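**Student:** Okay, predicted coordinates and the sequence, questions at the end:
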Amino acid sequence: MQLNDRVVVITGAAGGIGRAAALAFAREGARILATDIDDAGGAATVEQVCAAGGQAYFQRADVTAFDEVEAAVARAIALWGQVDVMCNNAAIAPYKPLLDQTPDDFDRVIRVNQHGVFHGILAAARAMRAQQRHGVIINTASVYAELAALGVIGYHAAKAAVAMMTRAAALELARYGIRVVAVAPGVVDTPIIQGYKDAGQEEIMARKQMRRKLMRPEQIASVMVFLATDAADGINGSVVMVDDGYASFK
């Protein structure tokens, strides 16, 4: 119970890495405010956390709207009096070849994956500073912040921005006792890669990891939990690769 009674806000918690993170944090004693635009998926995440003996509530929040992210942080504080960890995890990755994309396609990904993370950093950091508590902000970056793949140019741009925002925010927020870190997953078997599966690239994507298989959301979630604990107190401004070697042999 390394995070007993700490309060964690998770965006994109309706499934995939977000749901796995909610369950993993709850197992360590944390109280969970799960957010998403998928009401049914978010409710299912909360149900699973509570069924396992944890505490969780769902708050609908579109990360492209700062006021909704801010309201989610405020809800966590209203429920439990504090916010200790912010997981900026919500993302989309629609697959479309570059020459078929429109500026609106690109902008949509940037709004969710880049602006959404900035909104979470800002809302959480303001709350943490106001409550004068040390806190941790964990952003979900990607190996695609550094390595190119087909059909996701907006995702590349946004995740590269997430990596840099992590470093910049860590520098500015250190004076308030707030750590900012990121995880960079490899290819994780979640709905976000459905476009690759539909394009017949699942086996190709699996081979990009050293052990030649897609990663599981739980593998990413366990690292998020570690980064939030006091044991990771020395990790700040870092992007931690959680990629089963994806980036190490290209």
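**Tutor:** Thanks, I have the structure now.

**Student:** packing partners for the strand ranked longest in the chain?
**Tutor:** When the chain is parsed with DSSP state E, its longest strand is strand 178-185. The contact analysis (3 or more Cβ pairs under 8 Å, 6 or more residues apart in numbering; DSSP states H and E) places strand 178-185 against helix 116-131, strand 135-140, helix 153-173, helix 217-228, strand 239-242. No exception for glycine: its C-beta is placed from N, CA and C like everyone else's.

**Student:** tell me how far it is from the chain's mean position?
**Tutor:** 9 Å (Cα atoms, centre = their mean, to the nearest Å).

**Student:** now what about the helix or strand following it, what contacts it?
**Tutor:** Following strand 178-185 in sequence order, the next helix or strand is helix 194-198 (DSSP states H and E). Residues from elsewhere that reach helix 194-198 (Cβ atoms under 8 Å, 6 or more residues apart in numbering): 93-96, 151, 187, 202, 205.

**Student:** filter the residues you listed to the buried ones?
**Tutor:** With burial judged by 16 or more other Cβ atoms under 10 Å, the buried subset of the contacts of helix 194-198 is 93, 95-96, 151, 187, 202, 205.

**Student:** Now tabulate the residues you listed in TSV and tack on pLDDT.
**Tutor:** Formatted as TSV, these follow (pLDDT from 0 to 100):
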residue	pLDDT
93	92
95	89
96	92
151	91
187	95
202	90
205	90
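
**Student:** Return the set of buried residues in the lowest-mean-pLDDT helix or strand in the chain.
**Tutor:** Taking mean pLDDT, DSSP states H and E as the measure, the helix or strand of the chain with the lowest value is helix 194-198, at a mean of 82. Neighbour-count burial for helix 194-198, counted by 16+ other Cβ under 10 Å, picks out residue 196.

**Student:** Can you name the element that comes right after that helix?
**Tutor:** helix 202-206.

**Student:** Mind exporting the C-alpha coordinates of that next one to PDB?
**Tutor:** Coordinates of each C-alpha in helix 202-206 appear next as PDB, following Å, rounded to 0.1, in the frame of the first residue of the first chain:
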ATOM      1  CA  GLU A 202      -0.600  -6.300 -36.000                       C
ATOM      2  CA  GLU A 203       2.200  -8.900 -36.500                       C
ATOM      3  CA  ILE A 204       4.600  -6.200 -37.800                       C
ATOM      4  CA  MET A 205       3.900  -4.100 -34.700                       C
ATOM      5  CA  ALA A 206       4.400  -7.000 -32.300                       C
END
